[in-house]
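# This is the structure alone, sequence omitted:
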């Protein structure tokens with residue numbers, strides 16, 4: 001995990017692709033460039049697709065860690081185009 005505290009958090013374990021990325025994007029829109037979003041996501045498609053989609057949009061993945069309950073915690077710095 002990063003040493004900085006996340007500026008936002010979204011739990012997308014209750015939805016399936018492509019809604020997982022939609023919810024992540026909505027959460028990122030509420031942050032300023034350079035802020036950190038922490039995302040809780042499931043194994044399988046979400047953990048494969050969400051980080052890749054974030055990188056494609058020029059956000060920076062800080063960490064991806066497996067939790068004891070089988071979910072993952074992803075931390076990302078908002079990047080991309082300036083608002």
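Structure's in. What do you need? Predicted model, so just to flag it, every value in this text is computed and none were measured.

# residue ranges of the strands in this protein, please?
Using DSSP state E, the strands of the chain run over 8-11, 36-41, 60-66, 72-77.

# Out of those strands, which is closest to residue 50?
strand 36-41 (5.8 Å; CB to CB). Every C-beta, even on glycine, is put in place using the N, C-alpha and C of the backbone.

# want to try CSV for the strands of the chain, with mean neighbour count as columns?
Conversion of the strands of the chain to CSV gives the following (neighbours: other CB atoms under 10 Å):
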stretch, mean neighbour count
strand 8-11, 15
strand 36-41, 22
strand 60-66, 13
strand 72-77, 20
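
# Export those strands as TSV, with columns for mean pLDDT and distance to residue 47.
Below are the strands of the chain laid out as TSV (pLDDT from 0 to 100; distance: least, CB to CB, whole Å):
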stretch	mean pLDDT	distance to residue 47
strand 8-11	98	14
strand 36-41	98	6
strand 60-66	97	7
strand 72-77	98	5
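
# possible to save those strands as JSON lines with distance to residue 17?
As requested, the strands of the chain are exported to JSON lines (distance: least, CB to CB, whole Å):
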{"stretch": "strand 8-11", "distance to residue 17": "15"}
{"stretch": "strand 36-41", "distance to residue 17": "10"}
{"stretch": "strand 60-66", "distance to residue 17": "17"}
{"stretch": "strand 72-77", "distance to residue 17": "14"}
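
# For residue 65, which non-adjacent residue is closest in space?
Of all residues not flanking residue 65 in the chain, residue 73 sits nearest, at 5.1 Å (CB to CB, 6 or more residues apart in numbering).

# That neighbour against residue 39, yeah?
Yes - at 7.2 Å, residue 73 counts as touching residue 39 under the criterion of CB atoms under 8 Å.

# Tell me the spacing between the residue positioned nearest the centre of the chain and residue 26.
Centroid check for the chain by CA atoms, centre = their mean gives residue 39 as the closest residue, at 4.2 Å. Note on residue 39: its distance to residue 26, by CB to CB, to the nearest Å, is 12 Å.

# quick one: low-confidence parts of this protein?
Along the chain, the parts satisfying pLDDT under 70 run over 1-3, 80-83.

# All good on my end, thank you.
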